[in-house]
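J.: Sequence plus predicted model, see below.
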Amino acid sequence: MKRTRIVVAVLGALALAGCSGGGGAGQSAASSPAAQAPAATGGAAGTYAVITHAAAGDKFWDVVKKGAEAAGKQYGASVTYQGDGDAGKQSQLIDQAVSQKVDGIVVSMANPDALKESIGKAVAAKIPVVTINSGAESSKAFGALTHVGQSEDVAGRGAGEQLKAAGVSKLLCVIHEAGNVGLEQRCKGAEQSLGGTVERLQVDVSNLADVTSKVAAKLQSDTSVNGVLALNPAVAAAARDAIKDAGSQAKLATFDLSPDVIAAINAGEVLFAVDQQQYLQGWLPITFLKLYKDNLNTVGGGLPVNTGPGFVTKDNAAQVEKLAGEGTR
């Protein structure tokens, strides 16, 4: 019963935060750990640092940032957001937050081993840590309070099942960040449920023109590929263009949402998007850290708190289109 009351309280606060207005999320990543920290939101109820592996300009992380800042505003807490795609620099950002004696740290772990020492320093300093998005398997071992995200294996299997039902037998899984364990888990999960062949293609999310070129070249050289799974909405848009350029009939699906992806689903250019509701990956960790600070509450019972997967298809795309345009989906 106690856990039920906590969850109800969290959901009630989420409803209030989701209704608050706001503009764009702004810059999604700091250029380096030495860059000036972003302005904090709120003030009196604690100071929390959100540190992700976001590359500059990645709109997925703009939504995470927006969720964290909305939670900070809701609770009157100070929330700073920084990101760096280089794991070494991300580790330095964690060390910086520890030296500042923040009340809590939120960190994504695309490369858990590279962050283990820095997260260990935070835990040793008695700064509570919540991990998000990637690295769920290492979260508890590293001493984090909980992990917030989706099971990438489960999400990958769900994507594979839907692609199989659509007739895909040979799938190209496009990995846009080298060394990101979560992306490999998505491809592996899809491979397990598809029952066909899955090939990986490594690309660079910061060079979308090259993504289009590489995907088109693969489709032209191997006409047996009849499905493409993007793991990022910007990559999905590039893959859509590649399919057109190659004259391929391959069916396209993606992970994660953006206004462009929603429009492509409505146009029949993308079959579905796997939605991990990343706004919650910003909002819930600040909520959990605030609960821990005020009342020593922990959430999850030692298990991750799942924000997905959900599936956005042509049947329900219109219902989330407005929210995606507002930057909360």
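T.: Received the coordinates, thanks.

J.: For the chain, just list every one of the helices.
T.: Taking DSSP state H as the criterion, the chain contains helices spanning 2-19, 59-75, 87-99, 112-124, 136-139, 152-165, 181-194, 208-221, 233-246, 259-266, 278-295, 317-325.

J.: Nearest to residue 305, out of those helices?
T.: Nearest of the helices of the chain to residue 305, taken as Cβ to Cβ: helix 278-295 at 6.5 Å. All C-beta spots, glycine's among them, are computed from the backbone N, C-alpha and C.

J.: hmm, back to that, so which of the helices of the chain gets nearest residue 51?
T.: Nearest to residue 51 among the helices of the chain is helix 87-99 (4.7 Å), distances taken as Cβ to Cβ.

J.: which residues are contacting that closest one?
T.: 30, 32-33, 49, 51-53, 82-84, 105, 107, 110-111, 114-115, 117-119, 121-122, 125, 127, 179 (Cβ atoms under 8 Å, 6 or more residues apart in numbering).

J.: out of the residues you listed, which are buried?
T.: 30, 33, 49, 51-53, 82-84, 105, 107, 110-111, 114-115, 118-119, 121-122, 127 (16 or more other Cβ atoms under 10 Å).

J.: when you check those against the strands, which ones overlap?
T.: Mapping the buried ones among the contacts of helix 87-99 onto strands (DSSP state E) picks out 49, 51-52, 82-83, 105, 107.

J.: a markdown table for the residues you listed, including distance to residue 64 and pLDDT?
T.: Output for those, formatted as a markdown table (distance: Cβ to Cβ, whole Å; pLDDT from 0 to 100):
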| residue | distance to residue 64 | pLDDT |
| --- | --- | --- |
| 49 | 14 | 98 |
| 51 | 11 | 98 |
| 52 | 7 | 97 |
| 82 | 12 | 96 |
| 83 | 9 | 94 |
| 105 | 14 | 98 |
| 107 | 12 | 98 |
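
J.: can you list those residues in CSV and add distance to residue 74?
T.: Converted to CSV, these look like this (distance: Cβ to Cβ, whole Å):
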residue, distance to residue 74
49, 17
51, 21
52, 20
82, 21
83, 22
105, 19
107, 21
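
J.: Between which two of these is the distance greatest?
T.: Distances among these were taken as Cβ to Cβ; the most separated pair is 83 and 105, at 13.3 Å.

J.: Give me the common contacts of the two.
T.: Common neighbours of residue 83 and residue 105, counting by Cβ under 8 Å, 6+ apart, are residue 51.

J.: hang on, the earlier thing: can you tell me which of the helices of the chain the model trusts least?
T.: Of all the helices of the chain, the minimum mean pLDDT falls on helix 2-19 (a mean of 40).

J.: Against residue 132, how distant is residue 65?
T.: 12 Å (Cβ to Cβ, to the nearest Å).

J.: neighbour-wise, which of these two wins?
T.: Comparing residue 65 with residue 132 by other Cβ atoms under 10 Å, the one with more neighbours is residue 132, at 30 against 26.

J.: residue contacts, that one?
T.: By Cβ under 8 Å, 6+ apart, the contact set of residue 132 is 52, 64, 106-108, 147-149, 281-282, 285.
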